[in-house]
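*Asks:* the following block contains a protein sequence and its predicted model.
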Amino acid sequence: MPRDRIWTEKLIGYLPFDGDLLTHQMALRFALLLLLWLTGLVAYSLDGLAGEYVSNIQIYPAFFGPGLIILFGSYMIQKSLPDTVASFKALTSLDDPSFRRLTERIKGYSFSFAPCALIALVLVSTVTDVPRQVQLMMAEGPTIHTLWEVVFVSVMYLLIGTGVWLGVSIWLTVLLISRQPLRVELSPGLIENFRELSMLAMWFSLFYFIAVSIGVATSVPGGPAFSLLEILLSPLPVFIGIGVASVLLPFYNIHRALLRLKRKELDEIAAGYEAVRGQLEGALERPEGEESRLIAAMGRLLSLQMREREVREAPEWPIDVGFVSRLLSLVLIPAIVRVSVELFNRALIK
């Protein structure tokens with residue numbers, strides 16, 4: 001499959017639908033999931049189990065929860081990633097051929113189908129009942145509804161694998177760009193240059209923390225009640241910490257690069273001060289006919305002072321308080337889900 005498009009978008013592209021509005025695209029993806037649900041209804045009806053299928057409430061979150069989120073995410077990433085990556089060219093000192101190779105490399109792994117299929121294969125083999133169902137069908141013969149269930153679980157985990165890989169590929173993109181040689185002007189408004197990069201990191205954190213929240217919501221309900229200490233000692237804080245560290249790591253690389261640029265420019269300014277001081281001392285020792293040199297030295301001194309103020313006021317991190325607050329709000333999602341599930345479990349016990 002060509003690696004210029006995500007496989008979900010390539011399949012959707014075969015449909016006779018060319019609407020580009022977000023509402024149209026969301027409606028299309030919802031309709032595809034609804035169609036998949038209807039195929040299950042047909043399969044179970046043919047085996048006389050329509051009532052069992054319709055009353056199975058656990059299947060609805062699987063259809064219209066992660067599936068819809070991942071299809072929406074694949075659409076947004078397919079649409080925005082090329083332009084977002086192109087906007088980074090002004091931040092790096094790469095020439096056109098080098099940046100073109102970097103862009104192709106990012107598109108190559110971001111839109112690749114193989115990692116999605118591999119992740120899905122591992123998940124289907126380890127956390128689902130599909131291997132046992134396949135063995136039963138081989139031994140006893142398949143039924144229509146069991147055959148559909150195997151296909152459905154495989155497709156849903158392929159979507160989940162795609163969602164996992166989209167999150168990983170976004171993180172790899174941010175990390176890869178953060179490791180390129182920077183070409184930026186140190187100034188108080190420096191953060192604006194990294195706005196697109198921070199938005200890409202927000203996409204990764206959104207995918208990550210929604211995935212953690214879905215994992216909590218599907219694995220904990222109905223279980224025993226836990227104390228606050230048990231929740232704090234559970235894997236949830238570890239996953240939250242991994243997510244926060246993963247988001248901030250690429251920006252730490254940029255932070256180090258900005259610090260190096262800042263120190264280098266301040267050293268150059270200090271050398272400029274020394275040169276101006278020498279000019280001033282020379283002009284003051286021989287004041288006759290040195291007015292022009294004195295004026296030029298004073299102008300240079302004023303320019304160095306203004307530049308020094310700009311450099312010292314330039315931020316040393318490519319993210320601001322707004323980015324951190326949005327990240328913290330995303331961190332709260334799995335925490336709120338976990339607390340909500342705990343309250344639900346306690347209500348069941350009562």
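*Replies:* Right, received. Where do you want to start?
*Asks:* average pLDDT for stretch 310-319?
*Replies:* When pLDDT is averaged over stretch 310-319, the result is 84.
*Asks:* local confidence estimate at V216?
*Replies:* Here the pLDDT value assigned to V216 is 68.
*Asks:* what's the answer for I119, then?
*Replies:* What the model reports for I119 is a pLDDT of 90.
*Asks:* same thing with A114?
*Replies:* With respect to pLDDT, A114 scores 91.
*Asks:* what about it, distance to W165?
*Replies:* Separation of A114 from W165 (CB to CB, to the nearest Å): 9 Å. In this view, the C-beta of every residue, glycine as well, is placed from N, C-alpha and C.
*Asks:* and those two? Which one has more around it.
*Replies:* Neighbours of A114 and W165, each counted by other CB atoms under 10 Å, are more numerous for W165; the result is 25 against 12.
*Asks:* SS state for that one?
*Replies:* Here W165 takes the helix state, with states given by DSSP: H, G, I helix; E, B strand; the rest coil.
*Asks:* ok, now how distant is it from L327?
*Replies:* Summarising the geometry, the distance separating W165 from L327, computed by CB to CB, is 22 Å.
*Asks:* same check on A275?
*Replies:* From A275 to L327 the distance is 44 Å (CB to CB).
*Asks:* neighbour count winner among the two?
*Replies:* L327 (21 against 12).
*Asks:* would you check that that one makes contact with S205?
*Replies:* Yes: judged on CB atoms under 8 Å, L327 makes contact with S205 at a distance of 5.9 Å.
*Asks:* so what sits against both of those two?
*Replies:* Overlap between the neighbourhoods of L327 and S205 consists of V247, taking contacts as CB atoms under 8 Å, 6 or more residues apart in numbering.
*Asks:* next helix or strand past the lengthiest helix in the chain?
*Replies:* Identified as the longest helix of the chain according to DSSP state H is helix 235-285. Sequence-wise, the next helix or strand downstream of helix 235-285 (DSSP states H and E) is helix 291-313.
*Asks:* buried set for that next one?
*Replies:* Taking 16 or more other CB atoms under 10 Å as the neighbour-count basis, helix 291-313 is seen to contain the buried residues A297, R300, L301, L304, R307, E308, E310, V311.
*Asks:* tell me what it is packed against?
*Replies:* When contacts are defined as 3 or more CB pairs under 8 Å, 6 or more residues apart in numbering; DSSP states H and E, helix 291-313 sits against helix 235-285.
*Asks:* elements contacting the helix it packs on?
*Replies:* The criterion is 3+ CB pairs under 8 Å, 6+ apart, and the helices and strands that helix 235-285 contacts are helix 144-178, helix 195-219, helix 291-313, helix 321-349.
*Asks:* angle of that helix against helix 321-349?
*Replies:* Regarding helix 235-285 and helix 321-349, their directions subtend 170 degrees when assessed with axes from the mean of the first three to the mean of the last three CA atoms, to 10 degrees.
*Asks:* next, the angle helix 144-178 makes with helix 235-285.
*Replies:* Going by the same axes, to 10 degrees, helix 235-285 is angled at 20 degrees with respect to helix 144-178.
*Asks:* ok now helix 235-285, how far from the chain's centre?
*Replies:* Here helix 235-285 is found 27 Å from its chain centre; the criterion is CA atoms, centre = their mean, to the nearest Å.
*Asks:* tell me the average confidence for that helix?
*Replies:* So the average pLDDT for helix 235-285 ends up being 80.
*Asks:* quick one: buried residues of stretch 181-191?
*Replies:* Burial within stretch 181-191, assessed by neighbour count using 16+ other CB under 10 Å, is assigned to L182, V184, L186, L190, I191.
*Asks:* cool, stretch 255-271 as well?
*Replies:* Applying 16+ other CB under 10 Å to stretch 255-271 flags H255, A257, L258, L261, K262, E265, I269 as buried.
*Asks:* contacts made by that stretch with the rest, please.
*Replies:* Residues outside stretch 255-271 that contact it (CB under 8 Å, 6+ apart) are 178, 182, 184, 186, 190, 304, 307-308, 311-312, 314-318.
*Asks:* again, 10 Å this time
*Replies:* Counting by CB atoms under 10 Å, 6 or more residues apart in numbering, the neighbours of stretch 255-271 from elsewhere in the structure are 178-186, 190, 194, 248, 251, 303-305, 307-308, 310-312, 314-319.
*Asks:* hang on, the earlier thing: tabulate the buried residues of helix 291-313 (JSON lines), appending distance to S93.
*Replies:* What follows is these, written out as JSON lines (distance: CB to CB, whole Å):
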{"residue": "A297", "distance to S93": "32"}
{"residue": "R300", "distance to S93": "27"}
{"residue": "L301", "distance to S93": "30"}
{"residue": "L304", "distance to S93": "25"}
{"residue": "R307", "distance to S93": "21"}
{"residue": "E308", "distance to S93": "24"}
{"residue": "E310", "distance to S93": "20"}
{"residue": "V311", "distance to S93": "19"}
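*Asks:* no further queries at this time; thank you.
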